[in-house]
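Enquirer: Okay, here's the prediction I keep looking at, along with the sequence it came from:
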Amino acid sequence: MTPTCSTFILDTWVLVHYCRWSETAQSIESKLSLTTAIPRPLICEVSIGEILSISRYRNWGKHKSNILKQMISSLNIINISNLGIYEKYSEIDAFSRSNGSKMGKNDLWIAATSIVYNCCLLTGDNDYNLLANNKILHRVLFDKTGAIIN
């Protein structure tokens, strides 16, 4: 199954796999050709802070850090300083809390950005399930092998 989206936004989960060039990333790449896609995939600026934190915590070496910097520079970064994103953030945070689910703050920013920019979120993170299941967020969910689950 190939997603029918015209613009993708990458969750930090995807970025981590691409930095590692894991089998998961290779599987996703074989399906979607993200490294050569036109238009270029988007990332929420929050993902940059999140993946830099991951790289520091996991003590990524110089080689992997350079790959990360190259990857970030090749993507279109969406700034969250936008009233529409702020409003969508508050809306989905309230929605998730009222449904007994508390999403992580980074996931809220990424979801809000994806919704406002009408993108398809690529992720392996189940934290977006409530939004996707209620048709609030258009998401492509991958399993650990890079196979598309939905």
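Expert: Noted; the coordinates are in hand.
Enquirer: going forward, measure contacts between C-alpha atoms and count neighbours the same way
Expert: Fine.
Enquirer: What residues sit buried inside the helix or strand bottoming out on mean pLDDT in the chain?
Expert: Ranked by mean pLDDT, DSSP states H and E, the weakest helix or strand in the chain is helix 62-74, scoring a mean of 90. Within helix 62-74, the residues scored as buried using 16 or more other Cα atoms under 10 Å are 65, 68, 72.
Enquirer: can you check stretch 99-106 too?
Expert: Those would be 103, 106, for stretch 99-106 by 16+ other Cα under 10 Å.
Enquirer: Rounded mean pLDDT for it, please.
Expert: Averaging pLDDT along stretch 99-106 yields 93.
Enquirer: Kindly report the same for stretch 33-51.
Expert: On average, stretch 33-51 scores 93.
Enquirer: cool, stretch 76-96 as well?
Expert: 97.
Enquirer: who's in contact with it?
Expert: 40-46, 102-103, 108-109, 111-113, 115-116, 130-131 (Cα atoms under 8 Å, 6 or more residues apart in numbering).
Enquirer: hmm, try it at 10 Å
Expert: Applying Cα atoms under 10 Å, 6 or more residues apart in numbering, the contact partners of stretch 76-96 are 9, 39-48, 98-99, 101-105, 107-117, 128, 130-131, 136-137.
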